[in-house]
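Engineer: starting from these lines, generate the structure:
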Amino acid sequence: MPQPTAPLWSPTVIAMCVAGLAALLVGLWRARGELAAARGLEKILALWSVCLALPLAVFGATHLFDPQSLLLRVPSFMPWRPFWVLLVGCALVAAAASFAARIAVRWSALLFGIMMFAFVLMLHLPGAIRTGDRLLWTIVVRGLSFGGGAWLIAASVEPGWPPRWRRVLLGVGRAFVTLALLVFGVLHFLHPAGLPGVPLRQETPAGVPGRLALGYVTGAALLVAGVSAL
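Structural biologist: Residues are numbered from 1 along each chain as shown. Got it, this is the predicted structure:
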């Protein structure tokens, strides 16, 4: 007797696609004027809000429609663990809407950065210290760069923060983003077969031509960017 198969399009997958598509369309509509005025590579910069909003919307939908798969990541000492998964999902969707529509961006970027730093302190850093695992340390640096990048945006949008707070946001943001560029650049030279970008355990398939060269080139580009930021 044939076994029933799982549906290809689950409610979670549908929600993720709908959320991502909505963020994309709203972001493109909101950036249409800036995108039309930009020239060359500046068009990429004009899409900063879209690039931020889309992944946050997708991950937010995952939290809301598949909370059970994320419960294990909530620290055991926290009460009402399902509540925190749903709260994070709502926060991610709200941040995505803010970035896509470019409304209250300085607040959403500030709070998103705080959330990323909280994730590092509560979830990733304790495990990295306890095990010394390279993957966990990579996730620590990645989380810090996410929070730092958000604070750079919070410091750069108008209306801005007071000068003293802006200097703090810029300093912390630059430090963590530069740290990620340098660390990931070195890791690409130590593990050139890893997937280019954020160096995790997955490797570039052996059939990809010049996969080691791709890793070295990516590492070199990251190091150059990190030294330039310094």
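
Engineer: surely residue 119 meets residue 140?
Structural biologist: No - taking contacts as CB atoms under 8 Å, residue 119 lies outside contact range of residue 140: 9.7 Å. Where C-beta positions appear, they are placed from N, C-alpha and C, glycine not excepted.

Engineer: which one's more surrounded, these two?
Structural biologist: residue 140 (22 against 19; other CB atoms under 10 Å).

Engineer: what's the spacing between the more buried one and residue 132?
Structural biologist: Using CB to CB, to the nearest Å, residue 140 is found at 12 Å from residue 132.

Engineer: hey, where'd the helices end up in the protein?
Structural biologist: Assigned by DSSP state H, the chain shows helices spanning 11-30, 32-37, 42-46, 48-65, 81-101, 105-119, 125-131, 134-156, 163-190, 211-229.

Engineer: of all those helices, which lies closest to residue 202?
Structural biologist: For residue 202, the closest of the helices of the chain is helix 134-156, at 10.1 Å, according to CB to CB.

Engineer: can you spell out which helices and strands pack onto that closest one?
Structural biologist: helix 105-119, helix 125-131, helix 163-190 (3 or more CB pairs under 8 Å, 6 or more residues apart in numbering; DSSP states H and E).

Engineer: contacts only, for the most centrally placed residue in the chain.
Structural biologist: By CA atoms, centre = their mean, the mean C-alpha position of the chain lies nearest to residue 146, the distance being 5.3 Å. With contact taken as CB atoms under 8 Å, 6 or more residues apart in numbering, residue 146 is in contact with 113, 116.

Engineer: gap between it and residue 200?
Structural biologist: To residue 200, residue 146 is 15 Å away according to CB to CB.

Engineer: what of residue 111?
Structural biologist: Using CB to CB, residue 111 is found at 27 Å from residue 200.

Engineer: what about the closest residue to residue 223 other than its chain neighbours, distance to residue 220?
Structural biologist: The shortest distance from residue 223 to any non-neighbouring residue, by CB to CB, 6 or more residues apart in numbering, is to residue 185 (3.6 Å). Residue 185 sits 7 Å away from residue 220, going by CB to CB.

Engineer: and those two? which has more neighbours close in?
Structural biologist: Comparing residue 185 with residue 220 by other CB under 10 Å, the one with more neighbours is residue 185, at 20 against 13.

Engineer: wait, isn't the more buried one in contact with residue 215?
Structural biologist: No - using CB under 8 Å, residue 185 makes no contact with residue 215, being 10.7 Å away.
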